[in-house]
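> Fold the stuff below for me.
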Amino acid sequence: MPANAQKIRPCLWFDGKAEEAVDFYLSLFPGSDSEILAVQRWGKDGPGEPGSVLTMEFRLAGTEYQVLNGGPQFTFNEAVSFSVDCADQAEVDQLWERLTADGGEPGPCGWCKDKYGLSWQIVPRRLPELLADPDKDRADRVLAAMMKMGKIDVAALESA
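Below is the predicted model:
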């Protein structure tokens, strides 16, 4: 392992769509800190289609992940999600739209699922600031407003 390698890397299990998913995730977070690092393909003796992706390692917004085309035995659930720190409402809107498109699903309180079933928390940076407001009543109003939302609306939170 290279000296600068990430010691712990989440591994995401897919049923034949790992390469497609990686391409999608890289399109969500483009830039020099998002890239494919390695690809391993099934050989002629593996249970997978020869030449198809077995595993891939990739970096997404600076964090390394691995994907595995493991088959239909396991699927994602909300017990694991990726929380995304969004600078502003525009970033929230863009990610929410892309993640919930083509079979993704909106959820409550800033949570959504992508078309592969992976859960995401799309969190505007302003939300934790408002929840930490020293005015406890205001922080409670912000929390109550957030609990009624799907996609987080920063202006509505600030009005609470």
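
> Every contact and neighbour count from this point should use C-alpha atoms.
OK.

> mind listing the strands for this structure?
According to DSSP state E, the chain carries its strands in the segments 11-14, 35-41, 53-60, 63-69, 81-86, 105-106, 111-113, 119-124.

> Contacts made by the first one with the rest, please.
Looking back up the chat, that one is strand 11-14. Tyr65, Gln66, Val67, Leu68, Asn69, Gly70, Gly71, Pro72, Phe74, Thr75, Phe76 (CA atoms under 8 Å, 6 or more residues apart in numbering).

> wait, the second one sits on Leu60?
No. Look at Gln66 against Leu60 with CA atoms under 8 Å: they stay out of range, at 10.4 Å.

> quick revisit: in CSV, list the strands of the chain along with mean pLDDT, distance to Ala21 and mean neighbour count.
CSV is the format used below for these (pLDDT from 0 to 100; distance: least, CA to CA, whole Å; neighbours: other CA atoms under 10 Å):
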stretch, mean pLDDT, distance to Ala21, mean neighbour count
strand 11-14, 97, 9, 19
strand 35-41, 96, 12, 15
strand 53-60, 96, 11, 21
strand 63-69, 96, 9, 19
strand 81-86, 97, 14, 14
strand 105-106, 98, 16, 19
strand 111-113, 98, 13, 23
strand 119-124, 98, 13, 23
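
> Identify whichever of the ones you listed lies nearest to Lys148.
Counting by CA to CA, Lys148 lies closest to strand 111-113 out of those; the figure is 12.1 Å.

> The closest one: partners in the sheet, and parallel or antiparallel?
strand 105-106 (antiparallel), strand 119-124 (antiparallel) (DSSP bridges).

> Out of the contacts of strand 11-14, which two are the most distant from each other?
Spatially, the most separated pair among these is Tyr65 and Pro72, at 20.0 Å (CA to CA).

> pretty sure Gln6 contacts Tyr65?
No. Using CA under 8 Å, Gln6 is not in contact with Tyr65, being 9.3 Å away.
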